[in-house]
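Chemist: model this:
(one chain, ligands or ions: 1)
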Amino acid sequence: MSSTIATEPGRWTGVFIEQVVRRFGDRVVLDHLDLTIADEELVILLGPSGCGKSTLLRLLAGLDRPDGGRVEVPARRAIVFQADRLLPWQRVLRNVTLGLHGPDAEQRALDVLAEVGLSGREKAWPKELSGGEAQRVSLARALVSEPELVLLDEPFAALDAITRLRMHDLVRALRTKHHAAMLLVTHDVDEAIALADRIVVMSNGRIGTSHEVHLSAADREASVAREELRARLLDDLGLAGQH
Ligand SMILES: Nc1ncnc2c1ncn2[C@@H]1O[C@H](COP(=O)(O)OP(=O)(O)OP(=O)(O)O)[C@@H](O)[C@H]1O
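Modeler: Have a look, this model is predicted:
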């Protein structure tokens, strides 16, 4: 029996995935996968290309259904993709307020745009934005509905290295304000170490290994523990010795 269950707002804000199976034809992409994410936990999902990371995120977002197992997610979820997916015919503010209701919708959008550093850009068209700015709008759009779970599918992969580091700072700042659980997919081991409370590595359709990251901000930048974790992650990914 398959089920995707969105719990009532305020009841449970974490994620509970048990024995989830997803097949495409003969191919079993998710093979009895288990994963739990606690309230406000930031989990990074690492894995080689094609291992099923996006498939898992789509199930959690409710964009797809499992062939088996149980998926429990909070009711209020938001997803951010690698490409910004803004509506090109709407200005920045309208892109953020889209789908919002209530008299304070515009003010909430303005507040979140300020948080992501885009005050003054409300009237810009998406085509006038840099890649980093466009992803800031995407983050604002995700956060404005005060989600309990934010799903991020390689959100910074298309950005240059400096912009990516700025986005990491932004994610850290936003976490202290918005109390959401986050699941962020990346190929980038350094991004994972920079941001994660926990890093999970997918292999053979399941979560292979899981590493809690208890490093200070400074130790995430440079430390022996950081290098050890990095080596372990590369090993988990089958990339040991390549970097
Ligand atoms: N709708 C679909 N129909 C058929 N096959 C699919 C579908 N969606 C995904 N797949 C297949 O499932 C596998 C996992 O795809 P998925 O996009 O989840 O991988 P990924 O880990 O996110 O990869 P990447 O890191 O390259 O984005 C791939 O082999 C893909 O071709």
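Chemist: Am I right that Glu40 sits in a helix?
Modeler: No. Counting by DSSP: H, G, I helix; E, B strand; the rest coil, Glu40 falls outside a helix, being coil.
Chemist: Now name the helix or strand holding the closest residue to it other than its chain neighbours.
Modeler: Sequence neighbours aside, His179 is the residue nearest to Glu40 in space, at 5.2 Å (criterion: Cβ to Cβ, 6 or more residues apart in numbering). All C-beta spots, glycine's among them, are computed from the backbone N, C-alpha and C. Following DSSP states H and E, one finds His179 outside all helices and strands.
Chemist: For the residue of the chain most remote from its centre, give its distance to the ligand.
Modeler: Relative to the centre of the chain, the most outlying C-alpha is that of Pro103, 29.0 Å out, by Cα atoms, centre = their mean. Going from Pro103 to the ligand by Cβ to the nearest ligand atom, to the nearest Å gives 40 Å.
Chemist: All further residue positions should be reported with the first residue as 41.
Modeler: Sounds good: first residue 41 from here, last item Pro143.
Chemist: Three-state assignment for that residue, please.
Modeler: coil.
Chemist: From the contact counts, what lies against the top helix by length along the chain?
Modeler: Under DSSP state H, the helix in the chain containing the largest number of residues is helix 201-217. Counting contacts by 3 or more Cβ pairs under 8 Å, 6 or more residues apart in numbering; DSSP states H and E, helix 201-217 packs against helix 145-155, helix 171-183, strand 221-226, helix 229-235.
Chemist: Alpha carbons of that helix, in PDB - could you do that?
Modeler: Extracted C-alpha coordinates of helix 201-217, given in PDB (Å, rounded to 0.1, in the frame of the first residue of the first chain):
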ATOM      1  CA  ALA A 201      31.600  30.000  -6.500                       C
ATOM      2  CA  ILE A 202      31.500  33.500  -4.700                       C
ATOM      3  CA  THR A 203      27.700  33.800  -5.100                       C
ATOM      4  CA  ARG A 204      27.300  30.300  -3.800                       C
ATOM      5  CA  LEU A 205      29.200  31.200  -0.600                       C
ATOM      6  CA  ARG A 206      27.000  34.300  -0.200                       C
ATOM      7  CA  MET A 207      24.000  32.000  -0.600                       C
ATOM      8  CA  HIS A 208      25.300  29.800   2.200                       C
ATOM      9  CA  ASP A 209      25.500  32.800   4.500                       C
ATOM     10  CA  LEU A 210      22.000  33.600   3.600                       C
ATOM     11  CA  VAL A 211      20.700  30.100   4.300                       C
ATOM     12  CA  ARG A 212      22.400  30.200   7.700                       C
ATOM     13  CA  ALA A 213      20.800  33.600   8.500                       C
ATOM     14  CA  LEU A 214      17.400  32.500   7.300                       C
ATOM     15  CA  ARG A 215      17.500  29.400   9.400                       C
ATOM     16  CA  THR A 216      17.700  31.400  12.600                       C
ATOM     17  CA  LYS A 217      14.600  33.300  11.600                       C
END
